[in-house]
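In: give me a 3D structure for the following:
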Amino acid sequence: MPPRRHGSLGYHGVRERPSGIYFAEIRSGDVRLSLSTFETSHEAARAYDAAAWCLGRPRAQMNFHDVYTREEAQDLAPPHRLKTNQDREKHRRRQRRLLVVEEGERAMAEWRRSHPEDVAAENAFWAERTARRREERDDRRRRKALAISQCEVVNNGGTSIFTSDDERWEDAWLSTSDSSIQSDDSE
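Out: Below you'll find the predicted structure:
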């Protein structure tokens, strides 16, 4: 079989664009994988070789025969992200979603400018809700600290504010007890 023909630049998979930038691509079956654009043809050829190593191509199909392992090829030219048609479609979908989000943000900014009273009411609602939740959290912490201190009093032989028939004792005990310690009843 005759050797594969090199491009006009002397490298496999490297082409020069009219702008003077070099473009590298490699084929894998029926799929053409774009490797990226580069400043020099040498960089593009190194990227082609790194991708060829990743695809398991024989060394005869590579541009540089002084590289003997995939790691060496990647060290010389870290492979750029391969771009396929699926990647491009995924990018287009993300761009469409981004446009929708940006349009939504513009509409919200316009709404805020035209309805400042609604914005003030919304801010008041969230401030009140935050304050209420903070008070509830602080109250739970105080009750838990009280329950823990009462449990310590009982464990040290003292008396507790809870009576034996008080439901709060079981709630305090369950919420403050360590579930990793097994009771003596299980033995």
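
In: please count neighbours and contacts with C-alpha atoms only from this point.
Out: Will do.

In: what about residue 64, which SS state?
Out: coil (DSSP: H, G, I helix; E, B strand; the rest coil).

In: that one contacts residue 48, correct?
Out: No - in this structure, residue 64 is not within contact of residue 48 by Cα atoms under 8 Å, at 9.9 Å.

In: looking at those two, which one has more neighbours?
Out: residue 48 (30 against 17; other Cα atoms under 10 Å).

In: same for the helix or strand where residue 150 lies, what does it pack against?
Out: Secondary-structure assignment from DSSP states H and E places residue 150 in helix 116-155. Secondary-structure packing of helix 116-155 (3 or more Cα pairs under 8 Å, 6 or more residues apart in numbering; DSSP states H and E): helix 167-176.

In: any weak-confidence spans in this protein?
Out: 1-9, 73-83, 152-187 (pLDDT under 70).

In: any idea how far residue 135 is from the residue nearest the centre of the chain?
Out: The residue lying closest to the centre of the chain (Cα atoms, centre = their mean) is residue 94, at 15.3 Å. Applying Cα to Cα, to the nearest Å, the value for residue 94 to residue 135 is 42 Å.

In: so whichever strand or helix holds residue 86 versus helix 116-155, what angle?
Out: Using DSSP H and E, residue 86 falls within helix 85-114. Using axes from the mean of the first three to the mean of the last three Cα atoms, to 10 degrees, the direction of helix 85-114 lies 100 degrees away from that of helix 116-155.

In: for helix 85-114, the distance to its chain's centre please.
Out: Relative to its chain's centre, helix 85-114 lies at 20 Å (Cα atoms, centre = their mean, to the nearest Å).
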